[in-house]
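> Output the structure for:
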Amino acid sequence: MSYDIHNIKMIPRVIVIGGGPAGLMAAGQASLSGAQVILLEKMNRPGRKLAITGKGRCNLTNDTELSEFLAHFGQNGRFLRGAFHRFFVPELLEFFKQLGIQTVTERGGRIFPVSNDANEIVMALVNWAKATGVIIRPNTRVEQLVLAESRIGGVVVKNQNFTTEKLKADAVIIATGGASYPGTGSTGDGYRLAKAVGHSIVPIRPALVPLVTAGNLAARLQGLSLKNVGVKVFSDNKKIADEFGEMLFTHFGLSGPVILTISKLAVDALNAQQKVRISIDLKPALDDQKLDLRLQRDFAQHGKMQFKTVLKELLPQKLIPVCLDQVKIPPDKTCNQITSEERRRLRLWLKNFTFDVIGHRGFDEAIITAGGVALNEVDSQTMQSKIVQGLYFAGEVLDIDADTGGYNLQAAFSTGWLAGQSIRR
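Okay, here's the model as predicted:
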């Protein structure tokens, strides 16, 4: 890319902080818009967190229509309308197609690269950014933003050899991610930088995170995965969430897709000092009446069989001892001896297998971060700060987070695209 020597001073210099999906997209788009772009990455290479997303498969986005897509972000989803209007799922897929990445749509509308290799996405983005003219500087930590009369003037960085350096810039894009998986470099730097120049930070907390339960019940079931179960969350006995899907028992509590989906509400309730309880419906396809008829039929059909043996038709083997403990029916009792009251207890347990939630895992196990830079201080049509001219935000550093399913990565790509494109407006 070349320019007339007399116009060289008119070319804006842009610094992008953070080499994740939002930062790489923002850097490349800013460069394509005519800016000189330097991307500063504090780790030894960009894209480290992106490389482990989707269990290493990289769930790029979701084939869902806009209104439903936004609903997965809750109330803050409306902030993304401007970015999604400009760069949404079709544009993202075309972008990657141009980079030679083929995609496939799976259950639930999840879209992955055909290769099932997140590293392929990282390399494609890095190579594309470099091809647009972006200079990538790894092992460079941004210590502070430099302001000149309420507008961006540059940044102060600490290099790998611990020397500090001031870099001038006409615009800065903060795309540092959140605070989850800190080993990949996401340690909340963006919040610190934004707060130092006057931005409000909505308190951050882990989201899409496993939950810790009381007692040793979950530990007894460690490793057991349940599919097609209903999960309800209660806060001070008021239902606050109702989901359906797959879950996993761990040595500390509960995990798996459906648990991660409801975890943010559980975390917020715990932070509010509320009592949190999770109810698991092991037979969501049957209402109480149909389940009772099923139990009567099974017991009549296997009248002389022991109760513990018949349970193999109802439950995974690992759940049977727990069921026996909780419903208080003797395991060797024959089915034709089970009373209506005992059958009622079993039916209620199958529809309401409960756990008290006493905590959650930390940021090192959270897929994303809830909270971040307050959205009312950012222009949703450009991603530019309303407080500091020339300062932009993109990705998870903003107070936006969604369910699992590719929604969060699309938000990173879309806000990064918009921030980069907005530099020369």
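> so where do the strands sit in the stretch 51-200 of the chain?
61-62, 103-105, 110-113, 135-137, 141-147, 152-158, 164-168, 171-174 (DSSP state E, counting those that start in this stretch).
> which of those strands sits most buried?
strand 171-174 (a mean of 30; mean count of other CB atoms under 10 Å). Backbone N, C-alpha and C define where each C-beta goes, glycine included.
> Quick one: mean pLDDT over that strand.
On average, the pLDDT along strand 171-174 is 98.
> swap in stretch 303-313?
Average pLDDT, stretch 303-313: 94.
> May I see the strands of the stretch 51-200 of the chain arranged in JSON lines, with distance to Val89 as well?
Converted to JSON lines, those look like this (distance: least, CB to CB, whole Å):
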{"stretch": "strand 61-62", "distance to Val89": "5"}
{"stretch": "strand 103-105", "distance to Val89": "10"}
{"stretch": "strand 110-113", "distance to Val89": "8"}
{"stretch": "strand 135-137", "distance to Val89": "27"}
{"stretch": "strand 141-147", "distance to Val89": "32"}
{"stretch": "strand 152-158", "distance to Val89": "32"}
{"stretch": "strand 164-168", "distance to Val89": "35"}
{"stretch": "strand 171-174", "distance to Val89": "23"}
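> what about Thr382, how many residues close to it?
As a burial measure, Thr382 scores 16 neighbours (other CB atoms under 10 Å).
> And Leu311, how far from Gly215?
Noted for Leu311: a distance of 22 Å to Gly215, by CB to CB, to the nearest Å.
> Repeat that for Leu293.
Distance of Leu293 to Gly215, computed by CB to CB: 33 Å.
> cool, Ser279 as well?
16 Å.
> Pass me the low-pLDDT residue ranges in the stretch 301-425 of the chain, would you?
The model of the stretch 301-425 of the chain has pLDDT under 70 over residues 425.
> Pick out the residue nearest the middle of this protein.
What sits nearest the mean C-alpha location of the chain, by CA atoms, centre = their mean, is Ile368, with 4.0 Å.
> wait, it sits on Asn408?
Yes - counting by CB atoms under 8 Å, Ile368 does reach Asn408; the two are 5.5 Å apart.
> any shared contact partners between those two?
Overlap of the contact sets of Ile368 and Asn408 (by CB atoms under 8 Å, 6 or more residues apart in numbering) consists of 396, 401-402.
> Now do stretch 255-268, average pLDDT.
pLDDT averaged over stretch 255-268 gives 96.
> where's that stretch relative to the chain centroid, distance-wise?
How far stretch 255-268 lies from its chain's middle: 11 Å, per CA atoms, centre = their mean, to the nearest Å.
> hey, C-alpha coordinates of it in CSV?
Taking Å, rounded to 0.1, in the frame of the first residue of the first chain, the C-alpha atoms of stretch 255-268 are listed here in CSV:
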residue,chain,number,x,y,z
SER,A,255,-21.4,-27.9,34.5
GLY,A,256,-22.3,-28.6,30.9
PRO,A,257,-24.1,-26.5,28.3
VAL,A,258,-27.5,-26.0,30.1
ILE,A,259,-25.8,-25.1,33.4
LEU,A,260,-23.4,-22.6,31.7
THR,A,261,-26.4,-21.0,30.1
ILE,A,262,-28.2,-20.3,33.3
SER,A,263,-25.0,-19.6,35.3
LYS,A,264,-25.0,-15.8,35.0
LEU,A,265,-28.4,-15.5,36.7
ALA,A,266,-27.2,-17.9,39.4
VAL,A,267,-24.0,-15.9,39.9
ASP,A,268,-25.9,-12.6,40.2
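> Can you give me the neighbour number for Phe413?
So Phe413, with other CB under 10 Å, has 28 neighbours.
> Let's verify Arg343: helix, strand, or coil?
Under the three-state scheme (DSSP: H, G, I helix; E, B strand; the rest coil), Arg343 adopts helix.
> Could you find the closest non-adjacent residue to it?
Leu295 (5.5 Å; CB to CB, 6 or more residues apart in numbering).
> For the one you found, grab phi and psi.
Dihedral pair for Leu295: phi -60, psi -40, per degrees, to the nearest 10.
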